[in-house]
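Student: coordinates only, sequence not included:
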């Protein structure tokens, strides 16, 4: 009896080893099919292989759903061309190596790298459920986490709980009032492992990074699972170059009243810094753009940083210019034991970029534009 029991155990162990060997071979074959660099694919565990495979299948489905999407896919770099710089998946062309296609691929890669460098951010494709179907390879430059570490995960697992409601509203891809190409513009906080010295830390010690997300809804004729949200994500504050003559900085109370403004505002808007002290920025905003400024103000109060998007600011004497403001909340300095009176007031710091010349200079949209407004 003991000999038979040992024999059954040995047969069971061999069968288990055979199953594990077959399973490992299947995962190795699957990882080789993924458009990844060999060094990356060799280090993937089984859950990562499954997660990336599902993301690839969903992305491949999005790119070939119907003929209406061909115009989009023709200007979109293939999934395999961007994903980790690996070889392109060749199932679509039967494995033929065409020199002309290689030249087109190289040109597409060069254009993509150029677009991403100009963007100062990364690309993200989200499903209606919030799954990150695709992320551009340069995400590690801004978040510290690599493309393969994040793809397939849900956006709600990485974002601030207080932002989940706003993210869900922007992920509403189907329903009344939603159409293909509908714009999305919001700010969210997401985990980042980058330190102040641009080094990558552990995920447990990750901090919140603020992203300005802009994009459009992409609807397909198939069920809603084939629809997505295509976003460009730029960390705030944006890394702009030197401040030019078309820029001015200002400081505000939490109700957006000016407490300081540099001399550049006189050349651009006609107001002197002294005239603006104590006045609200809403007084200088075009009435039709008040909602844009209000949204920016709310993002500042809730998330400490924001980019306003384009809005119209009134010019003294008449007319308006198109501007965009990038703002941040300067927090209160906590008191130390040695200096109990080291409190600093909470304020908002704005950098405003003037994007156009004066439009409709003969029209006055507000009493603040009259030349005698500040004489009394």
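Tutor: Cool, got the structure. Just so it is clear, the structure is predicted and the values come from calculations on it, not from any experiment.
Student: which residue ranges form the strands in the protein?
Tutor: Ranges of strands within the chain are 122-126, 132-135, 183-192, 207-218, 228-235, 247-252, 258-261, 305-314, 320-330, 347-354, based on DSSP state E.
Student: among those, which is nearest residue 60?
Tutor: Smallest distance to residue 60 across the strands of the chain (Cβ to Cβ): 10.1 Å, for strand 132-135. For every residue, glycine as well, the C-beta is placed using N, CA and C.
Student: List the pairing partners of that closest one within its sheet, with orientation.
Tutor: Strand 132-135 has its sheet partners listed here by DSSP bridges as strand 122-126 (antiparallel).
Student: now the strand it pairs with against strand 228-235, angle please.
Tutor: Strand 122-126 and strand 228-235 are oriented at 150 degrees to each other (axes from the mean of the first three to the mean of the last three Cα atoms, to 10 degrees).
Student: from memory residue 133 sits against residue 58, does it?
Tutor: Yes: using Cβ atoms under 8 Å, residue 133 is in contact with residue 58, at 5.0 Å.
Student: Those two: which has the busier surroundings?
Tutor: Taking other Cβ atoms under 10 Å, residue 133 and residue 58 do not tie; residue 133 has more neighbours (22 against 19).
Student: Read off the pLDDT value for that one.
Tutor: With respect to pLDDT, residue 133 scores 90.
Student: Just put the strands of the chain in CSV and tack on distance to residue 364.
Tutor: CSV is the format used below for these (distance: least, Cβ to Cβ, whole Å):
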stretch, distance to residue 364
strand 122-126, 43
strand 132-135, 48
strand 183-192, 30
strand 207-218, 33
strand 228-235, 36
strand 247-252, 22
strand 258-261, 21
strand 305-314, 8
strand 320-330, 10
strand 347-354, 19
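Student: For residue 8, which of those is the nearest?
Tutor: Once the strands of the chain are compared by Cβ to Cβ, strand 132-135 is nearest, at 47.2 Å.
Student: Could I get the pLDDT score of the nearest residue to residue 250 once chain neighbours are set aside?
Tutor: Once flanking residues are discounted, residue 250 sits nearest to residue 261: 4.3 Å by Cβ to Cβ, 6 or more residues apart in numbering. Here the pLDDT value assigned to residue 261 is 93.
Student: count of neighbours near residue 261?
Tutor: Residues near residue 261, counting by other Cβ under 10 Å: 25.
Student: Pull up the gap between it and residue 55, please.
Tutor: Distance from residue 261 to residue 55, counting by Cβ to Cβ, to the nearest Å: 48 Å.
Student: My read is that residue 135 contacts residue 149, right?
Tutor: No: using Cβ under 8 Å, residue 135 makes no contact with residue 149, being 9.6 Å away.
Student: who's more crowded, these two?
Tutor: The neighbour count for residue 135 versus residue 149, taken as other Cβ under 10 Å, is higher for residue 135 (27 against 17).
Student: circling back to that earlier point, among the strands of the chain, which is nearest residue 30?
Tutor: Nearest of the strands of the chain (Cβ to Cβ): strand 132-135, 18.2 Å.
Student: contact partners of the closest one?
Tutor: 55, 58-59, 62, 79, 122-127, 147, 150-155, 228 (Cβ atoms under 8 Å, 6 or more residues apart in numbering).
Student: about what we covered before: who touches both of residue 133 and residue 58?
Tutor: residue 127.
Student: quick one: the spatially most central residue of the chain from residue 138, how far?
Tutor: Central residue of the chain (Cα atoms, centre = their mean): residue 233, 1.6 Å from the mean position. Remark: distance between residue 233 and residue 138 (Cβ to Cβ) = 11 Å.
Student: which residues sit in contact with the closest residue to residue 233 other than its chain neighbours?
Tutor: Excluding the flanking residues, the one nearest residue 233 by Cβ to Cβ, 6+ apart is residue 211, at 4.6 Å. Neighbour list for residue 211: 121, 187-190, 233-236 [criterion: Cβ under 8 Å, 6+ apart].
Student: Try it again at 10 Å.
Tutor: By Cβ atoms under 10 Å, 6 or more residues apart in numbering, the contact list for residue 211 reads 121-122, 124, 142-143, 159, 163, 186-190, 192, 231-236, 303, 305.
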